[in-house]
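Asker: prediction below, plus the sequence it came from.
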Amino acid sequence: MICFARAFGSAPAGRPPRPWGRRGAFATLHALLAAGMLLAAAGGASAQTLQFLGQPPAAPPAAGPFGPPPGAPRPVLQAPGAVPGGPGREPHSVLPQAPAGKSALGVYARFGADGAPVTRGLVWRVFADRPEATGAFPLVAESVEPHPVFFLNPGGYIVHVAFGLATAAQKVQVGPVSRRQAFDLPAGALRLSADVDEKPIAAQKLTFDIFEGSFLQGRTSTQPFYRGAGAGEVVLLPEGTYHVVSTYGDANAVVRADVSVAPGKLTDATMHHRAAQITLKLVKVHGGEALADTQWTVTTPGGDTIKESIGAFPIFVLTEGDYEATARKDGKSFSREFKVEPGKDREVEVVVK
């Protein structure tokens, strides 16, 4: 596997990942409270929706862990340090005047304590810090702007921000004086591709599953952190080491590699497959027309079944090695052994004898 990193640059190719939905935000809040990291404030916040700067989503966020609010900006990579107000200027150096009885809370996220501010792709949610009778924390306000300002009643709140699959939550106490609050998101991005024999593999033939941890060090998770990533898709992730499983086709062409994601960096990783695309044909003579309605089974020399199909021209992507193709038609079986070499796509004819 070849892996290299570069600073955030132009807009990402492919479909960007979707930020956490409201369900993910609630799960994070409950986990933090269970750990004792958040304490109830003396004065609870009102559950009513309060005025804030910025356009809210037109409808509630879609259900599920990756449902973005309608109209949410697509997470796009940007050059570090570019924030409104001029080079090197942090957001909210000047806050707007709050309405009577409220205070302004300006929030922004950055790539770690010393990192540049994140300028797009964020989803913000503000919750009251005390649950209702049902146990749910009331949602007070939300925004998809990068650096929103919320006008809030004095009291305690929990502010949650999501950037792709990277999230952060903080307890914030709002007093009579307006304030700003920074959120550290040590997050980066991963973009995956694959090749065979130094030739790129078409994106529609590839899928990637991303696991937390290192396979080489025996510390990988059992369930994917992100399942079914596409080639060229930019996946926003918390910093750390991940184990990537690349599948070429739908048979046994699978390779694995560990990659590292650094804060504020886009990591491009190319997985190297050693496989080929094989087309099977049942013919009466070499070079003849393929016979339709043929049942196919591809097995290893040890008898393990790799793939089954029905048709005149089944196509399999197989990792390099030796195989046997068995064709069944009209109650008869015909077999042939063949070899797969990396990058050498070809037809394999099984002749009726």
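Answerer: All right, it came through fine.
Asker: for stretch 274-294, list the C-alpha coordinates in PDB.
Answerer: Taking C-alpha atoms only, stretch 274-294 is exported to PDB below (Å, rounded to 0.1, in the frame of the first residue of the first chain):
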ATOM      1  CA  ARG A 274      -3.200  -8.800  -7.100                       C
ATOM      2  CA  ALA A 275      -6.300 -10.000  -9.000                       C
ATOM      3  CA  ALA A 276      -7.800 -10.200 -12.500                       C
ATOM      4  CA  GLN A 277     -11.200 -10.200 -14.100                       C
ATOM      5  CA  ILE A 278     -12.200 -13.600 -15.500                       C
ATOM      6  CA  THR A 279     -15.000 -14.200 -18.000                       C
ATOM      7  CA  LEU A 280     -16.300 -17.800 -18.200                       C
ATOM      8  CA  LYS A 281     -17.800 -19.400 -21.300                       C
ATOM      9  CA  LEU A 282     -19.200 -22.900 -22.000                       C
ATOM     10  CA  VAL A 283     -18.600 -23.700 -25.600                       C
ATOM     11  CA  LYS A 284     -18.900 -26.700 -27.900                       C
ATOM     12  CA  VAL A 285     -15.600 -25.900 -29.600                       C
ATOM     13  CA  HIS A 286     -12.800 -23.500 -28.900                       C
ATOM     14  CA  GLY A 287     -13.800 -20.000 -30.000                       C
ATOM     15  CA  GLY A 288     -17.400 -21.100 -30.300                       C
ATOM     16  CA  GLU A 289     -20.500 -19.300 -29.100                       C
ATOM     17  CA  ALA A 290     -21.200 -19.400 -25.400                       C
ATOM     18  CA  LEU A 291     -24.100 -21.600 -24.300                       C
ATOM     19  CA  ALA A 292     -26.800 -19.800 -22.300                       C
ATOM     20  CA  ASP A 293     -28.400 -20.900 -19.000                       C
ATOM     21  CA  THR A 294     -25.300 -22.400 -17.700                       C
END
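Asker: and that stretch, what's buried?
Answerer: Buried positions in stretch 274-294, judged by neighbour count with 16 or more other Cβ atoms under 10 Å: 274-278, 280-283, 290-291, 294. Quick note: C-beta positions are derived from backbone N, CA and C, even for glycine.
Asker: equivalent analysis for stretch 214-227, please.
Answerer: 214-215, 220, 224-226.
Asker: for the record, mean pLDDT for it?
Answerer: Regarding stretch 214-227, the rounded mean pLDDT is 89.
Asker: hey, C-alpha coordinates of that stretch in PDB?
Answerer: In PDB, the C-alpha atoms belonging to stretch 214-227 read as follows (Å, rounded to 0.1, in the frame of the first residue of the first chain):
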ATOM      1  CA  SER A 214      -4.100  -1.200  13.800                       C
ATOM      2  CA  PHE A 215      -4.400  -4.700  12.400                       C
ATOM      3  CA  LEU A 216      -0.600  -5.100  12.500                       C
ATOM      4  CA  GLN A 217      -0.600  -4.400  16.200                       C
ATOM      5  CA  GLY A 218      -3.600  -6.600  16.900                       C
ATOM      6  CA  ARG A 219      -5.700  -3.600  18.100                       C
ATOM      7  CA  THR A 220      -8.400  -3.300  15.400                       C
ATOM      8  CA  SER A 221     -12.100  -3.100  16.100                       C
ATOM      9  CA  THR A 222     -14.500  -5.900  15.100                       C
ATOM     10  CA  GLN A 223     -17.100  -3.700  13.500                       C
ATOM     11  CA  PRO A 224     -16.400  -1.100  10.800                       C
ATOM     12  CA  PHE A 225     -16.100   2.500  11.900                       C
ATOM     13  CA  TYR A 226     -17.300   3.400   8.400                       C
ATOM     14  CA  ARG A 227     -18.700   0.800   6.000                       C
END
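Asker: so what touches it?
Answerer: Under the contact criterion Cβ atoms under 8 Å, 6 or more residues apart in numbering, stretch 214-227 has outside partners 17, 165, 209-213, 235, 237, 241-243, 256, 258.
Asker: max pairwise distance over the buried residues of stretch 274-294: which two?
Answerer: R274 and L291 (31.2 Å; Cβ to Cβ).
Asker: what residue lies at the spatial centre of the chain?
Answerer: Central residue of the chain (Cα atoms, centre = their mean): V235, 4.0 Å from the mean position.
Asker: quick one, phi psi at that residue?
Answerer: Main-chain dihedrals, V235, degrees, to the nearest 10: phi -100, psi 120.
Asker: ok, it to F334 distance?
Answerer: For V235, the distance to F334 (Cβ to Cβ, to the nearest Å) stands at 45 Å.
Asker: A100 too?
Answerer: In terms of Cβ to Cβ, A100 sits 87 Å off from F334.
Asker: those two: which is more packed in?
Answerer: F334 (17 against 5; other Cβ atoms under 10 Å).
Asker: can you tell me which helices and strands whatever helix or strand the more buried one lives in packs against?
Answerer: In the assignment (DSSP states H and E), F334 maps to strand 332-340. Packing partners of strand 332-340 (3 or more Cβ pairs under 8 Å, 6 or more residues apart in numbering; DSSP states H and E): strand 275-283, strand 321-329, strand 346-351.
Asker: with mean pLDDT and distance to V126 added, can I get these in JSON lines?
Answerer: Formatted as JSON lines, those follow (pLDDT from 0 to 100; distance: least, Cβ to Cβ, whole Å):
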{"stretch": "strand 275-283", "mean pLDDT": "97", "distance to V126": "50"}
{"stretch": "strand 321-329", "mean pLDDT": "97", "distance to V126": "56"}
{"stretch": "strand 346-351", "mean pLDDT": "96", "distance to V126": "60"}
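Asker: I am finished for the moment; much appreciated.
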